[in-house]
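Visitor: The sequence isn't on hand, but the structure is:
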């Protein structure tokens with residue numbers, strides 16, 4: 001009886017853990033990513049290459065661009081078709097390690 005209770009507890013814990021880490025998003029879905037950096041050509045090229053790595057079908061038309069008031073910074077808004085939470089996590093990981101990216105939301 002004790003062994004059965006322990007097994008049930010393990011199963012319940014596993015389900016609760018899975019629920020904690022599951023995404024509230026329903027995949028596949030359109031997902032909007034905002035990326036900010038200094039107004040430099042390197043920034044735009046790096047971001048496009050990272051986006052293309054994770055979303056090979058992305059087109060320039062899926063990426064909006066807006067300059068700051070003083071034109072020192074650029075905000076890029078990319079709409080991607082995300083297939084999984086892991087795909088989005090990998091994208092954000094690459095964006096966070098890119099030196100020209102100041103922020104990604």
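Guide: Nice, I can see it. Fair warning: this is a prediction, and the values are worked out from it, not measured in the lab. Numbers count the residues shown, from 1 in each chain.

Visitor: Okay, now the unreliable bits of the protein?
Guide: 1-21 (pLDDT under 70).

Visitor: So which residues of it form helices?
Guide: 2-21, 41-54, 85-97 (DSSP state H).

Visitor: quick one: the second one to helix 85-97, angle?
Guide: Comparing the axes of helix 41-54 and helix 85-97 via axes from the mean of the first three to the mean of the last three C-alpha atoms, to 10 degrees yields an angle of 160 degrees.

Visitor: dump the residue contacts of residue 68.
Guide: Neighbour list for residue 68: 39, 74, 75 [criterion: C-beta atoms under 8 Å, 6 or more residues apart in numbering]. C-beta here means a position set from N, CA and C on the backbone, and glycine is covered the same way.

Visitor: Touching stretch 40-53 from outside, list them.
Guide: Stretch 40-53 is contacted from outside by 33, 35, 37, 58, 60, 63, 65, 74, 76, 78, 80, 91, 94-95, 98, 100-101, using C-beta under 8 Å, 6+ apart.
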